[in-house]
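Peer 1: what follows is a predicted protein model with its sequence.
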Amino acid sequence: MSPEGLEMDVVVDRGPFVLDVSVRIDAGEVVALLGPNGAGKSTLLGVLAGLIRPTAGRVALAGVTLDDVATGQHVPARGRRVGLVVQDYLLFGHMTVVENVAFGLRARGIPRRRARESAARTLERVGLGGLDGRKPRELSGGQAQRVALARALVVEPRLLLLDEPLAALDAGTRPAVRAELRRHLAGYSGCAIVVTHDPLEAMVLGDRLVVVEDGRVVQAGPPAEVARHPGTDYVARLVGLNLLQGTARGRTADVGAGTVIALAHEEHGPVHIAFSPSAVVLSPHRPDGSARNVWPGTVQDLETHGDLVRVTVSGALPVLADVTPLAIADLQLAPGMPVWASVKASEITAYPA
Ligand SMILES: Nc1ncnc2c1ncn2[C@@H]1O[C@H](COP(=O)(O)OP(=O)(O)OP(=O)(O)O)[C@@H](O)[C@H]1O
């Protein structure tokens with residue numbers, strides 16, 4: 001645990017619902033917070049932002065105690081070095097972009113001129129230099145998202161909270177804004193938490209996943225590890241995603257290990273490639289059907305989740321496959337058995353890294 005990091009051990013007791021969590025985040029680390037509706041994600045963010053007071057426990061950020069119920073210590077929201085980006089951005093329609101960004105500084109008593117200068121610098125940093133005088137209604141969804149990010153960053157927070165930051169964007173613009181957000185988060189030196197319902201977003205943005213169910217942390221770890229060993233059925237369904245990195249050249253992508261993947265649409269340059277374990281077909285012999293994406297591996301592990309069995313296939317290109325118990329019996333799949341995995345191009349999502 002770095003001294004600049006976040007330490008949170010809190011209980012929020014709301015009668016029927018109790019949040020009881022311990023979370024540690026290092027400076028520079030991005031945690032993707034996942035969980036079903038009503039699991040307690042917003043409550044957790046509310047405590048960190050200083051909007052909800054815990055019933056018991058302690059929160060410390062960068063060596064500063066923000067909450068300590070035992071001693072009665074509580075730093076109010078305005079006094080915290082915490083930046084918050086909410087789902088619908090909540091930009092003030094009557095203010096310009098630079099005024100929106102400067103607002104948090106003004107609220108903290110920074111004089112107008114200095115606040116505007118800092119705001120303009122932060123807008124430059126998120127690639128929005130030159131848009132200072134625009135009104136929020138004159139921005140695209142992606143630009144509005146960056147203004148919201150600038151508004152959170154302008155107070156130089158040690159903790160950045162992003163509550164479903166891409167939810168307001170349409171499906172077409174989301175991949176590009178997600179890739180951009182990833183770059184901003186990579187360059188951010190504080191702790192960050194991204195709340196999301198989207199497993200792809202969680203895997204792309206998070207260095208680590210923290211999964212909350214019914215007010216408790218049920219699983220935490222690097223995305224690939226959580227996907228390979230889901231602790232609950234919810235996690236298995238949610239993070240069951242194969243994620244590869246590659247270099248695209250039109251309708252194909254080189255993913256290393258001598259394997260080229262056929263894509264459903266054109267991409268160029270570094271890409272993420274994602275497909276669901278349910279899209280993977282396993283066969284004992286090299287299939288000669290229409291699937292062009294075929295590679296060999298070895299069954300490493302079988303784990304039952306609900307009515308499916310998740311098969312971990314190891315090899316030069318490790319992959320997860322969800323198959324029915326009947327298929328397991330038919331194919332007589334067992335650890336150590338060589339298999340061929342195949343995926344149709346139409347089942348693959350590729351997007352810029
Ligand atoms: N102000 C409140 N007073 C009492 N209970 C509340 C309050 N706000 C939320 N709750 C309850 O606390 C629990 C956790 O809610 P929370 O909003 O933190 O979940 P969430 O994981 O953010 O859900 P979602 O994904 O739907 O936003 C729920 O059972 C909810 O009904």
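Peer 2: That came through fine. This one's a predicted model, so the numbers in the text were calculated from it and none came from an experiment.

Peer 1: do stretch 156-168 and the ligand meet?
Peer 2: No - remark: stretch 156-168 sits outside contact range of the ligand, by Cβ under 6 Å from any ligand atom, the gap being at least 8.2 Å. C-beta: built from backbone N, CA, C; applies to glycine.

Peer 1: after the helix or strand Val211 falls within, heading C-terminal, what element do we hit next?
Peer 2: For Val211, the enclosing helix or strand under DSSP states H and E is strand 208-213. Scanning forward in sequence from strand 208-213, with DSSP H and E defining helices and strands, the next element found is strand 216-221.

Peer 1: what's next to that next one, contact-wise?
Peer 2: Contacts of strand 216-221 with the rest of the structure, by Cβ atoms under 8 Å, 6 or more residues apart in numbering, involve 20-23, 208-212, 226, 230-232, 234-235.

Peer 1: with stretch 329-348 instead?
Peer 2: With contact meaning Cβ under 8 Å, 6+ apart, stretch 329-348 is reached by 251, 261-264, 273-276, 279-287, 289-302, 311, 313, 317, 319, 321, 323, 327.

Peer 1: how far does it stretch from start to finish?
Peer 2: For stretch 329-348, the first and last residues are 27 Å from each other (Cα to Cα, to the nearest Å).

Peer 1: buried sites along it?
Peer 2: Within stretch 329-348, the residues that qualify as buried by neighbour count (16 or more other Cβ atoms under 10 Å) are 331, 333, 337, 339-345, 347-348.

Peer 1: now do the strand holding Val211: which elements does it pack against?
Peer 2: In this structure, strand 208-213 packs against strand 30-34, strand 216-221, helix 223-228, helix 233-239, with contacts taken as 3 or more Cβ pairs under 8 Å, 6 or more residues apart in numbering; DSSP states H and E.

Peer 1: could you export the second one as CSV, CA atoms only?
Peer 2: To tie it back to what came earlier, the one meant is strand 216-221. These are the backbone C-alpha positions of strand 216-221, laid out as CSV (Å, rounded to 0.1, in the frame of the first residue of the first chain):
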residue,chain,number,x,y,z
ARG,A,216,-19.9,-7.1,0.2
VAL,A,217,-16.8,-7.4,-2.0
VAL,A,218,-17.2,-10.9,-3.4
GLN,A,219,-14.1,-10.9,-5.6
ALA,A,220,-11.2,-8.7,-6.5
GLY,A,221,-8.2,-9.1,-8.8
